[in-house]
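[1] Need coordinates for the following:
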Amino acid sequence: MYRFQSLASSSRIIFLAGNHFFGKNYSLDMYGKSKIFLTAILLLWFTAEAGCGSEPVERTAGVISGHLPYRGEWPRVGYIILALFRTAPWDPAFVPGAPAAFRYLQQAPSPLKFSFDSPPVAFGSYGALVAAWKDPDDPDASTCMHPVSIYGTDLAHPEGALPIVLGPEHPDAENLQLPEMLLFPTAEEMRDHYPSL
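    Numbering: from 1, shown residues only. Next comes the predicted model:
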């Protein structure tokens, strides 16, 4: 039904267009010209329709999103970073390097919303999603990160972190809820309360 309605609408547009291009006296006496005009328009229309029926592209990546609540006062120095690791940093098999994905979190009312969607996250298994405070006074990449929240567990038991698995059957992990962060305004308080990785 939709195709016939579209065709009827197209015919009306073609008629009006004929009046515009061929003059106000465009009618059946212009049959030859109108036939050529109509044929060209229909060819374009059916070509566009055929393109819409192509096979969908198979997904190879998904979105990880959720909320991260906090209380206390946002640190005056340093950054809060949310990092996704294929292998958790406390796992003996962990190889130091950049996480699979990360986001700098900006101060906003609790809970903070986050989303790994641009770019999306490649399908696979990820061992840990960690929020950490980055100490601006520590130049050592291996010690400057202080975890403040770990998805699926508390800071006393990091080995209990829940893995995140993305794939064709479950391409997205949405509405994840991380444990609440307790934040302090000064770097000294953050260092005292949270040990580095």
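
[2] from memory Thr186 sits against Pro75, does it?
    Yes. With contact defined as CB atoms under 8 Å, Thr186 counts as touching Pro75 (7.5 Å). Quick note: C-beta positions are derived from backbone N, CA and C, even for glycine.

[3] Between the two, which has more neighbouring residues?
    Using other CB atoms under 10 Å as the criterion, Thr186 and Pro75 rank with Pro75 on top: 21 against 13.

[4] how about the more buried one, what does it touch?
    Trp133, Leu183, Phe184, Pro185, Thr186, Ala187, Met190 (CB atoms under 8 Å, 6 or more residues apart in numbering).

[5] which among those end up buried?
    Among the contacts of Pro75, those scoring as buried are Trp133, Leu183, Phe184, Ala187, Met190 (criterion: 16 or more other CB atoms under 10 Å).

[6] need the strands for this protein, in chain order.
    61-68, 70-72, 79-85, 101-105, 112-122, 124-126, 128-134, 145-150, 164-166, 173-177, 181-183 (DSSP state E).

[7] Name the residues that touch the first one?
    Strand 61-68 is touched from outside by 82, 84, 101, 105, 111-117, 119-123, 129, 131, 149, 164, 166, 170-178, 181, with contacts defined as CB under 8 Å, 6+ apart.

[8] returning to what we had before: let me know the closest of the buried ones among the contacts of Pro75 to Arg71.
    Nearest to Arg71 among the buried ones among the contacts of Pro75: Leu183, at 7.3 Å, using CB to CB.

[9] Let's test this: mean pLDDT of stretch 100-119, rounded?
    Across stretch 100-119, pLDDT averages out at 96.

[10] CA-only coordinates of that stretch, as CSV, when you get a sec.
    Listed next in CSV are the C-alpha coordinates belonging to stretch 100-119 (Å, rounded to 0.1, in the frame of the first residue of the first chain):
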residue,chain,number,x,y,z
ALA,A,100,41.1,-0.8,25.9
ALA,A,101,39.1,2.4,26.3
PHE,A,102,38.8,5.3,28.8
ARG,A,103,36.9,8.4,29.6
TYR,A,104,37.7,11.5,31.6
LEU,A,105,34.8,12.2,33.9
GLN,A,106,33.7,15.7,34.5
GLN,A,107,32.2,17.1,37.7
ALA,A,108,28.4,16.9,37.6
PRO,A,109,25.5,16.0,39.9
SER,A,110,25.6,12.4,41.2
PRO,A,111,25.2,9.9,39.6
LEU,A,112,27.6,10.5,36.8
LYS,A,113,26.5,9.1,33.4
PHE,A,114,29.1,7.5,31.2
SER,A,115,29.1,5.9,27.8
PHE,A,116,31.7,4.2,25.6
ASP,A,117,30.0,4.8,22.3
SER,A,118,32.2,7.0,20.2
PRO,A,119,34.0,5.0,19.1
